[in-house]
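Engineer: show me the folded form of this:
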Amino acid sequence: MNELFRETEIKMKHAVEHLHGELKKLRTGRASLALLDGVTVDYYGTETPLNQVANLSVADANLIVAQPWDSSQIAAIERAITKSNLGLNPSNDGKLVRIPIPPLTEDRRKEMVRRAHDYAEGARNSVRQARRDGNEGLKKLEKEKEISEDDERRGHDEVQKLHDHYIGQIAEALEHKEQDILTV
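Structural biologist: I've put the predicted structure just below:
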């Protein structure tokens with residue numbers, strides 16, 4: 001039964017971690033290297049993460065600078081950032097790629113908040129599915145007479161506590177990201 005709880009908790013924890021990863025990629029109007037986490041560059045025919053072909057740094061609140069290790073890759077880096085659908089327009093001076101972070105419009109902020117809510121709903125669904133799987137596992141154990149009915153009920157309560165804990169973490173992460181996005 002403890003193994004069942006561990007598996008259920010791992011699934012729930014994974015859903016929350018995935019949500020945190022998705023929320024990091026949402027723009028908040030401030031420069032953040034996490035924005036570029038999903039960007040890959042065609043590096044001599046191989047799709048390579050941007051942070052492996054250039055040194056990335058935040059110059060100020062509205063500017064990210066990418067300094068490629070191989071200056072012949074500047075055009076490929078610019079293409080990759082433009083193609084990434086992040087709404088960023090990079091420029092270069094022959095040595096550096098400057099990526100200005102434009103301020104978010106009110107409509108764009110609302111769209112970001114909607115996307116954050118969608119990500120959170122996906123995470124909540126994953127947590128609920130993990131709870132469902134855990135409860136079905138408990139029913140199966142009880143049916144096979146490996147645990148008693150009382151243990152099954154206690155197990156359901158324990159799975160529900162795990163569910164409530166991780167749903168609370170999702171709500172907290174969503175609230176924090178929403179404040180980041182809506183703060184001008």
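Engineer: which strands or helices does the helix ranked longest in the chain pack on?
Structural biologist: Ranked by number of residues, the top helix in the chain under DSSP state H is helix 106-143. Contact here means 3 or more C-beta pairs under 8 Å, 6 or more residues apart in numbering; DSSP states H and E; on that basis helix 106-143 packs against helix 2-24, helix 149-182. In this view, the C-beta of every residue, glycine as well, is placed from N, C-alpha and C.
Engineer: need the ones you listed in a markdown table (columns: mean neighbour count).
Structural biologist: A markdown table is the format used below for the helices and strands packed on helix 106-143 (neighbours: other C-beta atoms under 10 Å):
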| stretch | mean neighbour count |
| --- | --- |
| helix 2-24 | 17 |
| helix 149-182 | 16 |
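Engineer: closest to residue 46 out of those?
Structural biologist: helix 2-24 (23.2 Å; C-beta to C-beta).
Engineer: distance between the ends of stretch 97-111?
Structural biologist: Taking C-alpha to C-alpha, to the nearest Å, stretch 97-111 runs 28 Å from one end to the other.
Engineer: what are the buried residues along the longest helix of the chain?
Structural biologist: Residues 109, 112-113, 115-116, 119-120, 123-124, 126-127, 130-131, 134-135, 137-138, 141-142 are the ones in helix 106-143 that count as buried (16 or more other C-beta atoms under 10 Å).
Engineer: contacts for stretch 61-73 next, please.
Structural biologist: Outside of stretch 61-73, the residues that reach it under the criterion C-beta atoms under 8 Å, 6 or more residues apart in numbering are 30-31, 33, 35-36, 41, 43, 50, 53-59, 74, 77, 81, 90, 94-103.
Engineer: repeat for stretch 1-20
Structural biologist: For stretch 1-20, contacts defined as C-beta under 8 Å, 6+ apart pick out 119-120, 122-123, 126-127, 129-131, 133-134, 137-138, 141, 147, 151, 155, 158-159, 162-163, 166, 169-170, 173.
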